[in-house]
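>>> Sequence and computational prediction follow.
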Amino acid sequence: MSGTRKRRIVIGDVHGHYEGLMTLLEAIAPTSEDQVYFLGDLIDRGPHSYNVVNFVRQSNYPCLLGNHEQMLLNILTQKNIPAPAMQAWLYSGGQATLSSYQASTIPQDHLEWFQSLPTYLDLGDIWLTHAGLDPNLPLAEQTAEQFCWIRDEFHSMEKPYFPDKLIIVGHTITFTLPNVPPGKLAEGRGWLDIDTGAYHPRSGWLTGFDVTNHLIYQVNVFQNTQRTLPLENGVVTVEPSQIKARRQPQRA
């Protein structure tokens, strides 16, 4: 652990991998003076969503609303949900979440906690949200749809949205971006993506980023390995043109 105190640590999408999260936090070793933030998607896909949610709640760590928490709320707090919507959530990891709670539904206090999660946090020089934002809209017109779901339109920004803030996101697994190997972070014009795909068999890396010291902490939940490396050794730059090129329809 670095000797620098009062660190700011941002943790990417955990997706129910409680044991991996515990190993990651053991490596980071946050003190009571450090600030730890979660980017959302604590739940679904992995085996222990309940444990992850319980831990983050009890630790009073700030956490953002992810698209998977939003899906859960849409399904479990509304009446007369169409069967296809329910099946889509269960297929996207909801079944694993329900199994982790060992119940057919989620306790009310957990639902209320999910409902209380903010869609972004402005920390001055860094700005946290789950997925990103629409570069063509002013901040006041953005909604949870952008903050929780956006992908290519955000990653292909030609210039930083904020002139004085780095946007840190999860949501999009970094190896799905052009030329980014599994486990590497991705950066673009004013943004840094730290979702390295903890649940995905092609990766397994869960990432915590020490903003203060520019250090990347990672645990592989499948291989039970861990590593710490400086940001410059663990990030790949993605150019807007690379994202835009893959959005173009391919000619036959």
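Arrived safely. All figures in this text were calculated on a predicted structure; none of them were measured in a lab.

>>> C-alpha only now, for contacts and for neighbours.
Will do.

>>> quick one: residue 131 and residue 145 touch, right?
No: judged on Cα atoms under 8 Å, residue 131 makes no contact with residue 145 at a distance of 9.3 Å.

>>> So residue 71 is in contact with residue 89, correct?
Yes: counting by Cα under 8 Å, residue 71 does reach residue 89; the two are 6.7 Å apart.

>>> of residue 131 and residue 145, who's got more company?
residue 131 (30 against 15; other Cα atoms under 10 Å).

>>> The nearest residue in space to residue 227 that is not next to it in sequence: helix or strand, and which one exactly?
Distance criterion Cα to Cα, 6 or more residues apart in numbering; nearest residue to residue 227, sequence neighbours excluded, is residue 218 at 5.4 Å. Using DSSP states H and E, residue 218 sits in strand 215-220.

>>> Can I get that strand in PDB, CA atoms only?
Written as PDB, here are the backbone C-alpha positions of strand 215-220 (Å, rounded to 0.1, in the frame of the first residue of the first chain):
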ATOM      1  CA  LEU A 215      -2.500   2.700  -9.100                       C
ATOM      2  CA  ILE A 216      -4.600  -0.200 -10.500                       C
ATOM      3  CA  TYR A 217      -5.500  -3.000  -8.100                       C
ATOM      4  CA  GLN A 218      -6.900  -6.200  -9.700                       C
ATOM      5  CA  VAL A 219      -8.100  -9.600  -8.700                       C
ATOM      6  CA  ASN A 220      -9.000 -12.400 -11.100                       C
END
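
>>> Partner strands of that strand, with direction?
Each strand paired with strand 215-220, and its direction, by DSSP bridges: strand 205-210 (antiparallel), strand 225-230 (antiparallel).

>>> what's the most buried one of those strands?
strand 205-210 (a mean of 28; mean count of other Cα atoms under 10 Å).

>>> what's the first-to-last distance across stretch 76-90?
12 Å (Cα to Cα, to the nearest Å).

>>> all numbers from here: first residue = 336
Sure thing, new numbering starts at 336, so read that last one as stretch 411-425.

>>> what's the spacing between residue 535 and residue 486?
For residue 535 relative to residue 486 (Cα to Cα), the value is 18 Å.

>>> scratch that, residue 524 is what I was asking about
Distance from residue 524 to residue 486, by Cα to Cα: 14 Å.
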